[in-house]
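Student: My questions concern the predicted model and sequence given below.
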Amino acid sequence: MAVEPTVSAKGFPDTEPHGIYAHPLICWGSVIGGTMVAITIGAALNILGVAIGATAINPFAPASDHAPTWTIGGGLWVIFSSLVAIQIGAYIATRMAR
């Protein structure tokens, strides 16, 4: 089946057939690169959160009433670090795409 060029509204020949893309829609190299960046940044931010939490808690003190606060704070940190990592990974993936 041959694709015939059509004429555009301005009278010039339209050489690009409609419905066929000139480049692939997904660049897998950029997807994998953005995923690796997101995993690396997420791991680094989670390790930073563990380090901050470990320095802030005294292991020799008896259990205190601040445990629910630390639990909520840790959960919020994990959510925040995951969202930041995903945003940066997505930015890198879109910039690497053609």
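Tutor: Structure received.

Student: can you give me the helices in the chain?
Tutor: Under the criterion DSSP state H, helices of the chain are mapped to 28-56, 67-96.

Student: Can you name every helix or strand that the longest one contacts?
Tutor: Under the contact criterion of 3 or more C-beta pairs under 8 Å, 6 or more residues apart in numbering; DSSP states H and E, helix 67-96 touches helix 28-56. Bear in mind the C-beta positions are built from the backbone N, C-alpha and C, glycine included.

Student: about what we covered before: A22 is nearest to which of the helices of the chain?
Tutor: helix 28-56 (17.4 Å; C-beta to C-beta).

Student: Enumerate the positions of that closest one that are buried.
Tutor: Under the neighbour-count criterion of 16 or more other C-beta atoms under 10 Å, helix 28-56 has 30, 33-34, 37-38, 41-42, 45, 49 buried.

Student: How much space separates the residue nearest the centre of the chain from R98?
Tutor: Centroid-nearest residue in the chain, with C-alpha atoms, centre = their mean: I86, separated by 2.8 Å. According to C-beta to C-beta, to the nearest Å, I86 stands 22 Å off from R98.

Student: What of I57?
Tutor: From I57 to R98 the distance is 48 Å (C-beta to C-beta).

Student: and the two? which has more neighbours close in?
Tutor: Set I57 next to R98 and count neighbours by other C-beta atoms under 10 Å: I57 wins out with 12 against 7.

Student: Give me the below-cutoff pLDDT ranges for this protein.
Tutor: Scanning the chain with the threshold set as pLDDT under 70 gives 1-21.

Student: go again using 80 as the cut-off
Tutor: 1-25, 58-59, 61-70, 98 (pLDDT under 80).

Student: Fine by me, we can end here.
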